[in-house]
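K.L.:
Take a look and give me a structure for this.
(one chain, ligands or ions: 1)
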Amino acid sequence: MALERLKELCFLNGIELKDEHLEKFERYKELLKKWGRKINLTSILNDREIEEKHFFDSLLGLKAFEVYGFNPEGKSFCDVGSGAGFPGVPLAIVLKNSTFTLVESRHKKCVFLEQLRRELRLSNVKVSCCRIEEHEGDYDMLLMRAVKDPKNAVKMTEHLLKRGALLCIYRGKEEFKGELPEYKLRKVSLELAGVNFKRQFLIIHPPFSTSPLSKEES
Ligand SMILES: C[S@@+](CC[C@H](N)C(=O)[O-])C[C@H]1O[C@@H](n2cnc3c(N)ncnc32)[C@H](O)[C@@H]1O
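P.N.:
Here you go, the predicted model:
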């Protein structure tokens with residue numbers, strides 16, 4: 001059955017998906033497979049892995065926001081270095097009242113993202129083809145996935161953080177032991193059912209910006 005793995009993992013981990021979302025995820029998967037063969041979009045091109053490691057993984061942001069106390073409804077997000085649309089597009093599919101700007105520096109990936117936006121009829125998504133360092137905007141939250149060095153991520157997005165955005169970094173199980181003296185940082189770890197990987201999120205903001213944080217800040 002279509003999207004069996006995505007449905008199973010979302011069910012096990014309390015993420016609600018409607019039929020209208022599943023239709024869009026199905027079309028997303030087709031486009032990813034078609035374009036992924038032509039341009040170097042992602043090394044993951046089989047159904048199960050796309051559903052688990054891209055779609056489900058991107059949606060885990062919803063769980064992290066919940067733990068953190070951030071209501072994503074109606075908010076403005078910027079997906080930094082969006083690549084093939086992760087995590088921005090899966091979140092845009094389920095958060096129809098929130099806006100998502102996908103910033104990507106590589107032209108051919110931007111062409112894919114534009115096509116995806118049109119085919120999935122995502123009126124809450126915009127694509128900005130430039131380096132994040134040159135992108136300006138006021139956002140509630142910046143999203144970054146597959147980031148090696150959180151310090152570098154902060155450096156690249158400093159101009160947007162100073163305008164009041166939170167930065168949410170999707171991390172694997174490896175602990176971030178570094179320091180970000182000018183920022184407040186909260187780690188959110190998720191225990192997941194049905195998968196053999198862990199997800200940790202770093203949520204970072206400048207000390208002056210309003211934040212739902214009340215405890216466990218460092
Ligand atoms: C490691 S990939 C991650 C892609 C996607 N976010 C994901 O999780 O699958 C990083 C992406 O960021 C883009 N990128 C790298 N430096 C960038 C910059 N300074 N501004 C915008 N995009 C950038 C790359 O072209 C690439 O698509």
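
K.L.:
C-alpha from now on. contacts and neighbour counts both.
P.N.:
Noted.

K.L.:
Just checking, which helix or strand succeeds the helix ranked longest in the chain along the chain?
P.N.:
When the chain is scanned for its longest helix (criterion: DSSP state H), the result is helix 19-38. Proceeding N to C from helix 19-38, the next assigned helix or strand is helix 47-49, under DSSP states H and E.

K.L.:
What residues of that next one count as buried?
P.N.:
Across helix 47-49, burial judged by 16 or more other Cα atoms under 10 Å covers Asp47.

K.L.:
That helix - contacts with which helices or strands?
P.N.:
Contact partners of helix 47-49 among helices and strands, from 3 or more Cα pairs under 8 Å, 6 or more residues apart in numbering; DSSP states H and E: none.

K.L.:
go again using 10 Å as the cut-off
P.N.:
Judged by 3 or more Cα pairs under 10 Å, 6 or more residues apart in numbering; DSSP states H and E, helix 47-49 is in contact with helix 4-12, helix 19-38.

K.L.:
Let me know whether Lys155 touches Glu133 as I believe.
P.N.:
Yes: using Cα atoms under 10 Å, Lys155 is in contact with Glu133, at 9.1 Å.

K.L.:
Okay, angle between the longest helix of the chain and helix 4-12 too, please.
P.N.:
Relative orientation of helix 19-38 versus helix 4-12 (axes from the mean of the first three to the mean of the last three Cα atoms, to 10 degrees): 140 degrees.

K.L.:
Distance of Met144 relative to the ligand?
P.N.:
6 Å (Cα to the nearest ligand atom, to the nearest Å).

K.L.:
Quickly list what that residue is bridged to.
P.N.:
Beta-bridge pairing for Met144 (DSSP bridges): Ile169.
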